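S.K.: below are the sequence and a predicted model for it; my questions follow.
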Amino acid sequence: MSYTIALNFEDGVTRFIGCKEGETVLDAAYRQKVNLPMDCSDGVCGTCKGHCEQGTFDLGDEYLDEALSDEEAAEGQVLTCQMVPSTDCVIQVPVASTLCKTAVGRLEGTVAEVEQLSEDSIELAIDLDDGAELAFLPGQYLHIGVPGTDAHRSYSFSSRPGETRTTFLIRNVPGGLMSGYLTDQCKPGERLELTGPMGSFYLREITRPVLMLAGGTGLAPFLSMLEQLVEKGCDQPIHLIYGVNKDDHLVKTDALDAIRQRLPSFTYATVVVDEASEHPRKGYVTHHMEAEVLHDGDVDVYLCGPPPMVDAVLKHFDEQGIAPQSFHYEKFTPNQAPGEAA
């Protein structure tokens, strides 16, 4: 028996390690050449302290209260030298990856498909070398190198973790470096350099209703999250509001319909800004957050879109006195992708 442990470092890098039955996270990390912080390895100093966001584990009772208090343990703080997982886990490590002698993963892949879904959106599919299955947390992103340049652009996965083919929903930016490559040059069979996964915007354990708010190609990470929920199952209500500027910017609604068929707790609504549109819901996502999807604040909110959208939602929540149980968001500029910090 082995468990997958995601180590999220404070510089945005995520490393995945395998942890054997009965093995501590610290030992598993060192076995895989990830030098997590530690001094004593005996539960005495507290140097190896982190925060477990997901998963179950045993800490035993051999550590000192000075290293980890009862209050800290109740909040999900852990000592990796004492932590023995009993499921897959996600752990926040409060140092940079470089201090742990590790770095973001690097791999290569081959373009499988590139399709312009609308004037605004491009879908890119990449087959990873040697049938590799890339581990990431749904919602995270990676860097894709622009062939013929030293530049890269960052894009959120729209596919679920563990697939040999990864997909991305990319905004078509007029004059953009990657946009120009994808629309004018890119063909199946071309090689791409990839770096990742990265990012702190990812799906947490679901214990209450969820509201997802997507703007344009900010839909990408939600497609990944929803595919993961289809695979694992979810009984909590999941509602997505997907907003775009024009009617023909609405893409991947067929994928959302298919997810709705496979995940009965999922519903979604689309919104179009263009006043000339005949779409039944016009305006912005903030105009269509009905009380029933907010659950009187007993809701986890995930938001991904351009900065004006993110700022508008934050302002709306503040003005309406809405305080979700948790709120995770990512905003991006035209030269950045969902998942790349603004």
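M.R.: Now that the structure is in, tell me what you want to look at.
S.K.: how close does the nearest residue to residue 289 once chain neighbours are set aside get to residue 277?
M.R.: What sits nearest to residue 289 in space, not counting adjacent residues and going by C-beta to C-beta, 6 or more residues apart in numbering, is residue 241, at 6.8 Å. All C-beta spots, glycine's among them, are computed from the backbone N, C-alpha and C. Distance, residue 241 to residue 277, using C-beta to C-beta, to the nearest Å: 16 Å.
S.K.: so between those two, which is more surrounded?
M.R.: residue 241 (25 against 17; other C-beta atoms under 10 Å).
S.K.: helices and strands around the helix or strand harbouring that one, which ones?
M.R.: In this assignment (DSSP states H and E), residue 241 forms part of strand 238-244. In terms of contacts (3 or more C-beta pairs under 8 Å, 6 or more residues apart in numbering; DSSP states H and E), strand 238-244 is packed against strand 210-215, helix 220-232, strand 266-272.
S.K.: show me where pLDDT drops low in the stretch 101-250 of the chain?
M.R.: Residue ranges of the stretch 101-250 of the chain with pLDDT under 70: 131-133.
S.K.: how about the helices in the stretch 1-150 of the chain?
M.R.: 25-31, 70-74 (DSSP state H, counting those that start in this stretch).
S.K.: any idea which of the ones you listed is most buried?
M.R.: helix 25-31 (a mean of 21; mean count of other C-beta atoms under 10 Å).
S.K.: who are the packing partners of it?
M.R.: strand 2-9, strand 14-20.
S.K.: can you tell me, leaving aside adjacent residues, what's nearest to residue 255?
M.R.: Nearest non-adjacent residue to residue 255, counting by C-beta to C-beta, 6+ apart: residue 223, 6.2 Å away.
S.K.: got the contact list for the one you found?
M.R.: Residue 223 is in contact with 158-159, 169, 252, 255-256, 259, counting by C-beta atoms under 8 Å, 6 or more residues apart in numbering.
S.K.: most tightly packed of the helices and strands packed on helix 25-31?
M.R.: Of all the helices and strands packed on helix 25-31, strand 2-9 has the most neighbours on average by mean count of other C-beta under 10 Å, namely a mean of 22.
S.K.: other residues contacting that strand?
M.R.: Contacts of strand 2-9 from elsewhere in the structure, counted by C-beta under 8 Å, 6+ apart, are 14-21, 25, 28-29, 34, 36, 53, 55, 85-93, 95-97, 100, 102, 135, 137, 200.
S.K.: and what of stretch 16-36?
M.R.: Under C-beta under 8 Å, 6+ apart, the answer for stretch 16-36 is 1-7, 15, 38, 41, 48, 50, 78, 80-85, 89, 91, 93, 100-102, 135.
S.K.: likewise stretch 161-170?
M.R.: 109, 112, 117, 121-128, 131-138, 144, 155-159, 178-179, 182, 217, 219-220, 223-224, 228, 251-252, 337.
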